[in-house]
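# With the input below, show me the fold.
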Amino acid sequence: MQVGIDMGTVSGGQPAKLDIEELLATRLLVQGNSGSGKSHLLRRLLEQSAPWVQQVIIDPEGDFVTLSDKYGHVVVDGERTEAELAGIANRIRQHRVSCVLTLEGLDIEQQMRAAAAFLNGMFDAEREYWFPVLVVVDEAQMFAPSVGGDVSEDARKMSLGAMTNLMCRGRKRGLAGVIATQRLAKLAKNVAAEASNFLMGRTFLDIDMARAADLLGMDRRQAEMFRDLKRGNFVALGPALSRRPLPIVIGTVETSARSSSPKLMPLPDAPQDVEDLIFTPDPEEFTRPIVRRAPPAPRPTTDILAELSRSTPAATQPVATESRASSTPEISEEEREERLAAVLSEILADPQAAYRTDSVLYQEFLVRARMRRVPGPPMAMGEFRRRVAIARAGVDEETAASEAWATALSLSAGVSDDLQGVFLLMAKAAIRGEACPSDLRIAKAYGTHSARRARRLLGYFEEQGLVVVHTDFAGKRIVAFPDLQAETQPGDPNATDGGADVPSAAE
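Residues are numbered from 1 along each chain as shown. Got it, this is the predicted structure:
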């Protein structure tokens with residue numbers, strides 16, 4: 001069904017139509033400096049398309065929550081755990097409910113993690129729920145930055161990966177990305193390049209004007225026109241809008257944002273006793289609580305815990321009393337390693353640990369290590385991830401001492417940290433001659449419930465030349481490792497118990 005919504009007017013007063021069905025297949029990029037009318041454009045698009053398509057808005061400033069009053073959007077507060085956000089996103093797709101994910105009040109890193117968890121939850125929905133959804137991301141340069149900023153690398157990768165999935169692979173899952181940004185130069189190119197429709201508003205910086213002109217197929221000398229655009233005026237191009245660059249004026253909206261542009265107001269007439277009013281305190285001021293200036297942005301919890309876990313340098317240590325010396329006894333390196341291994345085992349023994357992010361597990365690890373009074377510098381995040389991957393593979397002492405396992409560990413260094421657990425799980429099964437793990441078992445090792453993602457991981461390993469995947473005559477899967485000269489026994493990929501369905505060679 002073809003539905004054309006009215007975005008405003010073109011020169012001559014003709015209506016500017018946007019084909020929603022075409023937009024769902026080709027995505028949209030909106031660019032404009034602050035004050036260009038970018039948020040007004042998004043609101044017009046959302047209001048006009050609300051009766052026709054499900055909508056999800058990633059709202060960093062809480063401006064779009066007012067849509068709930070008129071159009072029934074569910075407002076989701078982003079101050080939740082990543083698991084909660086992923087579950088809500090999955091149910092949003094199941095029940096086809098429009099929603100606004102408001103991230104107001106969170107710092108930039110929390111916003112990136114919350115948005116990534118929500119987008120990934122929508123992306124991982126089961127195939128039967130792949131209904132069309134218009135996914136609007138305001139201030140997209142925050143969630144898909146072109147370069148690293150003040151946030152952790154883990155948060156940046158998580159957010160950028162979710163945005164890349166939305167724009168590059170979301171179409172087959174019914175997800176149509178609409179991203180808006182103030183600065184094209186700050187937006188990751190692989191995210192911006194996936195949009196086929198463009199609405200370019202007022203911009204002043206040369207680098208942003210040049211990129212806007214390139215995307216619209218305009219001569220760079222024509223890029224100067226973007227400086228002259230008025231508020232609410234945009235240049236449109238794309239299969240859902242126009243085959244040639246077309247200036248349009250965005251129409252009015254029915255709802256309004258909670259925040260608005262500042263307006264000039266005349267100053268009141270100054271009273272005669274103005275100095276007395278300013279310098280004479282009100283008696284009530286002495287009874288009011290003192291409001292302290294807000295502290296600076298908090299440091300990441302992992303940094304604080306890591307600092308606390310470090311041993312105090314000898315030069316700054318106070319004179320130790322007998323009781324303090326007895327409370328922190330020196331231990332050997334072997335005993336320290338045993339304590340660290342015990343803490344790691346306790347964390348991974350929790351059934352839900354497989355579905356928690358590495359950063360959350362790392363925080364818990366640092367806290368428990370300090371409670372156990374483990375001296376010395378804390379384990380680095382990279383080493384922690386590697387130990388978690390090895391532990392999740394479930395390798396025994398005999399296998400761990402073998403030359404084949406040493407080769408598997410060296411091969412695993414060539415894949416990213418989040419994939420090492422899956423790789424070592426498969427390598428262990430091949431070395432011991434066990435049945436190939438099922439999709440559910442592989443998914444659990446990756447920290448997800450999605451069996452489809454497990455199959456994609458095996459496909460990725462095969463593309464990298466690390467494994468060879470084939471099936472026997474019964475349709476059971478076999479994964480071979482050329483560098484290890486070993487392969488798994490046939491295993492049912494659809495097994496529901498998450499484990500092997502045939503005995504291993506060792507048994």
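# Low-confidence ranges, the stretch 201-350 of the chain, go.
The stretch 201-350 of the chain contains residues with pLDDT under 70 at 215-216, 218-224, 258-263, 270-274, 277, 282-330.
# I'd guessed G491 sits against A435; true?
Yes. Counting by C-beta atoms under 8 Å, A435 is a contact partner of G491 at 3.7 Å. C-beta: built from backbone N, CA, C; applies to glycine.
# got the residue ranges for the helices in the stretch 151-300 of the chain?
Assigned by DSSP state H, counting those that start in this stretch, the stretch 151-300 of the chain shows helices spanning 153-164, 189-192, 206-215, 225-228, 274-279.
# of the ones you listed, which approaches G421 most closely?
Comparing the helices of the stretch 151-300 of the chain against G421 with C-beta to C-beta, the closest turns out to be helix 153-164 (15.7 Å).
# Which strands or helices does that closest one pack on?
Helix 153-164 sits against helix 108-123, helix 140-143, helix 189-192, with contacts defined as 3 or more C-beta pairs under 8 Å, 6 or more residues apart in numbering; DSSP states H and E.
# Any chance you could list what contacts it?
By C-beta atoms under 8 Å, 6 or more residues apart in numbering, the surrounding residues in contact with helix 153-164 are 109, 112-113, 115-117, 119-120, 123, 137, 140, 143-145, 148-149, 179, 188, 190-191, 358-359, 381.
# Check the spacing between P375 and L106 real quick.
Using C-beta to C-beta, to the nearest Å, one gets 36 Å for the distance from P375 to L106.
# Let me fix that, I meant to ask about T496.
According to C-beta to C-beta, T496 and L106 sit 38 Å apart.
# Of the two, which one has the most company?
Using other C-beta atoms under 10 Å, the more surrounded residue of T496 and L106 is L106, with 17 against 10.
# Test my guess that that one contacts E79.
Yes. When contacts are counted by C-beta under 8 Å, L106 is listed as touching E79 (6.4 Å).
# what does the host helix or strand of I5 rub up against?
According to DSSP states H and E, I5 maps onto strand 4-10. If you take C-beta under 8 Å, 6+ apart as the criterion, strand 4-10 is touched by 15-20, 41, 44-45, 48-49, 52, 232, 236, 246-251.
# So which of those sit within strands?
Under the assignment DSSP state E, those contribute P15, A16, K17, L18, D19, A236, L246, P247, I248, V249, I250 to strands.
# Out of those residues, flag the one nearest to A430.
Closest approach to A430 among these (C-beta to C-beta): D19, at 51.2 Å.
# what's the closest non-adjacent residue to the closest one?
In space, D19 comes closest to A240 once its chain neighbours are excluded; the distance is 4.5 Å by C-beta to C-beta, 6 or more residues apart in numbering.
# hang on, that neighbour packs against L18?
Yes. Assessed by C-beta under 8 Å, A240 is found in contact with L18 at 5.6 Å.
# Specify which residue of those two has the higher count of neighbours.
Neighbours of A240 and L18, each counted by other C-beta under 10 Å, are more numerous for L18; the result is 25 against 22.
# pLDDT value on the more buried one, please?
What the model reports for L18 is a pLDDT of 90.
# distance of it from L160?
For L18, the distance to L160 - C-beta to C-beta - is 28 Å.
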